[in-house]
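> sequence unknown, structure follows:
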Ligand code: FES
Ligand code: FES
């Protein structure tokens, strides 16, 4: 494999408006690219991990199928954030404690910082960006009308947890909400979440 | 593996995507990358009305914000202050951050230097901006640069910014009216505006702000110093509950925080800093990880220059750069690193630090307040009460780990960062790269929590150092949670000894307060200085310090949380010693005193007590506790008062449950956005529950032991009180800020509830360390 011995001093990289992540610039030199999705393509394998440590993982994210070359123990969080550039799912503790990285795998809330991408192979992943087609899931609407977020950093995770909880149990009791909503919020928006 | 070679044509064909341009690193990066959800300054083709206001032909009003949104609501309250005077359509307002670069290039317009009114108690007046001397580091006031104080700290965004944000809106409105008058060729006195529509009163003709904005930009007011701002009695938008303008993006995952910034050609940096402050890298073995996927290089960095970060000494470290952050982090975790650690720092632990502070209490210290003759009164009192309290080191532990994206080229620096003190960072960038501040471009992002982190951390300095060594390549540095706990300042550990002599009826006749904390701890005088909040004829307050290697800084409430814990806990102890009701005991002592705002303090206590049904019977194991929270009680200027009653149960197994909180809160002459204030009060409830019950940072072998959310505990939804009531009361002064030092009463309150239920008095936070069982 080829790897830059040091950082490029100059060089031309191409920018484009990514349809996949609205208006967000993605750069063309994708290191770990999706083989099937036209929004993610590879022009160069420079810097790609060695062939034996990565494998192609097929999964569907927000209804789009991807085949991603990545080390199989990479947490799903980082595939979503780095390879797919869906940055709505956040990182904070990395050890399954706080819940800011919560997304859905086959409808179940999962702390993606501690969930290897290989375990998502062949499954349907939903992130905050794909929770509803237009960003108006009932929970998102409720969150807006109650003005829930403060800094907002934990809110993707809170909303994904709430969505999974309400799918399981459309009318949770207070105790069931306590048990189902275990994500941390440092700003403490708990009052409005409930 | 062979590198695939594709031509530009192939890429076009393969992607089917719109090519908007080649990335040329020497070009202004900030002008190219503007994703939806980005909140930094964006270029606009529309001419501005003034430096705060741009009105587009479609009537969209861009309002530029010089404070940073950290969840406290300035993204909404600051535009409200401009919009109130501008009289534009609130539904069309779009905030964006003010340009930090432009602030380095332009001086403030002369008319903004006119502070009107008489500060704290004048309803027509301006705020109380800290016109401190200009400091080149940006730490203190910048009285004459365009956007003035771009810091976000001390809950002062409204207090320090209101008058000139109102002025900025008013000046823009006057220009728009003048422009419309010019177009119609009528006297300006005949035109008025509301909701972005300008009306010629005699004829009823109308036009819009969007139609005359370009001309308004060329039409300065002939005498802008004569423009007055509206007092609260004339406000129509300010003082009303407005939803926060950043919420729709935040619930859709669209907000671009610093961690979300992506640039073409960007490389990621994972970092390890010496876990003992003052230490640095002795050696590291990059060869062990050179072949790891995506890894590019390792780069050591020195201890960030303390002169750039308020004198704080963090650690030196090493970064690994890779194509993705997870690759960089995986590699650095495997890379052997040896540290050079000052042995005296490695020898420190919490017990030694606490012992040194305890010893300092017996040394003379700094006498801050000395009224009457405490020693004589102590000799004559019928009873002495003495108590020693302590609080631990505490970090802010915001949810977004520290990060910064930096591109240095030979002629400019671009930084994408969530930053509570961008003028300081601008100065750091200039010092580290050798480029002038006018060549530094900070692209501000919302922060995933702040809680007092202004100017506190070296994430920008580390990233700048690395990017400066790799000019031409954008570097995104991101800390792990563990690194975030290392690269942060802490609220100082503190101890306090309070002594009082009581008379035969249990009222204090003398009180002495000694507090001790790190010598660099900010806010050491809070809550005790100048005058006793609770009347006592003989009163003495001194502060004591010692020097430690842990970097200390501001954290939500700064000095107030610890000092309120000491003061209110002691009042509870005195009330119990006197056999009196803790609410009425406090009330009587405030009543006996002569503090300027004592009526407001009593109002707060009475209102909270009434809201809570104070005195009505409760089941066994459940009690109510009360405390006063104040800021500015010692004077007659800006001040904020509240009282809170907490209903707390303690099970026989020792489980503490906060059942209900009733908050009576001062709204001063007016709040700006009461909804934001409520949200802050709700949030602080949990914040100080955590401080009271769970959180502590312990020093072991010179390093902080609690470095992730497994050991550093955050309470969850299930501990938030099922009932939380907030009532406001009017007072005749401007507030001294919000979002910061309320809810501190949970600390004394939970400790006193434990005492009332179990008979056990614990004076050292956090309280989960104790056996709370009873019965
Ligand atoms: S980042 Fe995944 S649980 Fe905290
Ligand atoms: S909204 Fe800030 S952490 Fe939850």
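Nice, I can see it. The structure displayed is predicted, hence computed values, not measured ones. Residues are numbered from 1 along each chain as shown, chains lettered A, B, ... in the order given. Ligands and ions are numbered 1, 2, ... in the order given.
> what residues does the stretch 301-450 of chain B have near chain A?
Within the stretch 301-450 of chain B, the positions adjacent to chain A are B:321-327, B:397-401, B:446-450 by Cβ under 8 Å from any Cβ of the partner chain. Every residue, glycine included, has its C-beta placed from N, CA and C.
> again, 7 Å this time
Within the stretch 301-450 of chain B, the positions adjacent to chain A are B:321, B:323-326, B:397-401, B:447-449 by Cβ under 7 Å from any Cβ of the partner chain.
> quick one: which of these is nearest ligand 2?
Set against ligand 2, the nearest of those by Cβ to the nearest ligand atom is residue B:399 (4.3 Å).
> report the separation between that closest one and ligand 1.
For residue B:399, the distance to ligand 1 equals 9 Å [Cβ to the nearest ligand atom, to the nearest Å].
> okay, now the domains of chain B?
Chain B breaks down into these domains under automatic domain parsing: B:33-250, B:258-343+B:402-478, B:350-394+B:490-769.
> which ones, among the residues of the stretch 301-450 of chain B next to chain A, also lie beside ligand 2?
Among those, the residues that sit close to ligand 2 (Cβ under 6 Å from any ligand atom) are B:399, B:449.
> close to chain A: what parts of the stretch 151-300 of chain B are there?
Close to chain A, as judged by Cβ under 7 Å from any Cβ, the stretch 151-300 of chain B has residues B:243-244, B:246-248, B:250-255, B:257, B:259-260, B:262, B:264-265, B:267, B:293-294, B:296-297.
> show me where chain A has strands.
Here chain A has its strands, by DSSP state E, at A:13-18, A:24-27, A:55-61, A:64-70, A:102-105, A:108-111, A:124-126.
> what about stretch A:146-162, average pLDDT?
Averaged across stretch A:146-162, the pLDDT comes to 97.
> hang on, the earlier thing: closest to ligand 1 among the residues of the stretch 301-450 of chain B next to chain A?
Distance to ligand 1 across those (Cβ to the nearest ligand atom) is lowest for residue B:399, with 8.6 Å.
> low pLDDT regions in chain A?
A:1-52 (pLDDT under 70).
> top helix in it by residue count?
Longest helix in chain A, counting residues (DSSP state H): helix A:155-168.
> burial count for the closest residue to residue A:87 other than its chain neighbours?
Sequence neighbours aside, residue B:260 is the residue nearest to residue A:87 in space, at 3.9 Å (criterion: Cβ to Cβ, 6 or more residues apart in numbering or on different chains). Residue B:260: 27 surrounding residues under other Cβ atoms under 10 Å in any protein chain shown.
> and if you look at residue B:709?
Other residues near residue B:709 come to 22 when the count uses other Cβ under 10 Å.
> OK, contacts around it?
For residue B:709, the contact set (Cβ atoms under 7 Å, 6 or more residues apart in numbering or on different chains) comprises A:93, A:97-98, A:184.
> for it, give me phi and psi.
Dihedral pair for residue B:709: phi -80, psi 0, per degrees, to the nearest 10.
> how about the closest residue to it other than its chain neighbours, phi and psi?
In space, and not counting its chain neighbours, residue B:709 is closest to residue A:97: 4.0 Å by Cβ to Cβ, 6+ apart. Main-chain torsions, residue A:97, degrees, to the nearest 10: phi -100, psi -40.
> residue A:97 against residue B:712, yeah?
No: in this structure, residue A:97 is not within contact of residue B:712 by Cβ atoms under 7 Å, at 9.4 Å.
> circling back to that earlier point, run the chain-centre distance for the longest helix of chain A.
Distance of helix A:155-168 from the chain centroid (Cα atoms, centre = their mean, to the nearest Å) equals 14 Å.
> ok, stretch B:331-339 next?
The mean C-alpha position of stretch B:331-339 is separated from the chain mean by 34 Å, Cα atoms, centre = their mean.
> so what touches that stretch?
By Cβ under 7 Å, 6+ apart, stretch B:331-339 touches B:270, B:272, B:274, B:279, B:281-286, B:288-289, B:292, B:295, B:298, B:318, B:320, B:322.
> quick revisit: so which of the domains of chain B is the most surrounded?
Each of the domains of chain B was scored by mean neighbour count; the highest is domain B:258-343+B:402-478, a mean of 23, by mean count of other Cβ atoms under 10 Å in any protein chain shown.
> hmm, that domain in reach of ligand 1?
No: applying Cβ under 6 Å from any ligand atom, one finds domain B:258-343+B:402-478 out of contact with ligand 1, separated by at least 11.4 Å.
> could I get the average pLDDT for that domain?
95.
> for the stretch 351-500 of chain B, which residue gets nearest to chain A?
Across the stretch 351-500 of chain B, no residue is closer to chain A than residue B:448, which sits at 3.0 Å (Cβ to the nearest Cβ).
> and what of the stretch 51-200 of chain B?
residue B:71 (3.3 Å).
> please report how far that residue lies from ligand 2.
Counting by Cβ to the nearest ligand atom, the gap from residue B:71 to ligand 2 is 5 Å.
> tell me the confidence at that residue?
At residue B:71, the pLDDT recorded in the model is 87.
> near ligand 1, from the contacts of residue B:709?
Of the residues in these, proximity to ligand 1 by Cβ under 6 Å from any ligand atom holds for A:93, A:97-98.
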